[in-house]
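A.B. asks: Here is a sequence together with a model predicted from it:
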Amino acid sequence: MLVNEGPKSFYRGYIPSLFLSTYSIIQMFTYENINHLFGFKSGEMKMSWDNFLIPFMTGGFSKCLASATLMPINVVRLRLQMKKYSTE
């Protein structure tokens, strides 16, 4: 890669990748706020089937929300990294 494309090719898509580092911030922010809305407090009660579904579902939803929020930035990063390989 260094010989064929030069040293700049290692940093292609670097700026969008910096924005993608906010993924965990978005995920944990939504997870905690949705759990708070449902009245679930982690660590206070013993885990059972009754109180297992709330953190399980809110965890999945917060992960989906973070992925959907950052999908446009991820597409830009991918296109910048693959610029040399496509004819368009």
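C.D. replies: Good, I have the coordinates.
A.B. asks: Wait, residue 16 touches residue 79, no?
C.D. replies: No - assessed by Cβ atoms under 8 Å, residue 16 is found out of contact with residue 79, at 9.3 Å. From N, CA and C alone the C-beta is placed, and that goes for glycine too.
A.B. asks: Tell me which of these two has more neighbours.
C.D. replies: Neighbour totals were compared for residue 16 and residue 79, and residue 16 leads with 19 against 14 (other Cβ atoms under 10 Å).
A.B. asks: Could you tell me how far the residue lying closest to that one once chain neighbours are set aside is located from residue 10?
C.D. replies: Spatially, and ignoring its direct neighbours in sequence, residue 16 is nearest to residue 77 (3.7 Å; Cβ to Cβ, 6 or more residues apart in numbering). Distance, residue 77 to residue 10, using Cβ to Cβ, to the nearest Å: 14 Å.
A.B. asks: For these two, list the residues in contact with both.
C.D. replies: With Cβ atoms under 8 Å, 6 or more residues apart in numbering applied, the contact sets of residue 77 and residue 10 do not overlap.
A.B. asks: list the buried ones in the strand or helix carrying residue 37?
C.D. replies: Taking DSSP states H and E as the definition, one finds residue 37 inside helix 23-38. Neighbour counts over helix 23-38 (16 or more other Cβ atoms under 10 Å) mark 23, 26-27, 30-31, 34-35 as buried.
A.B. asks: Mind pulling up the pLDDT for residue 56?
C.D. replies: Residue 56 carries a pLDDT value of 86.
A.B. asks: again, but for the one 3 residues further on
C.D. replies: Listed pLDDT for residue 59 reads 90.
A.B. asks: Now do the same contact list for the spatially closest residue to it that is not a sequence neighbour.
C.D. replies: Nearest non-adjacent residue to residue 59, counting by Cβ to Cβ, 6+ apart: residue 31, 6.0 Å away. Going by Cβ under 8 Å, 6+ apart, residue 31 touches 58-59, 62.
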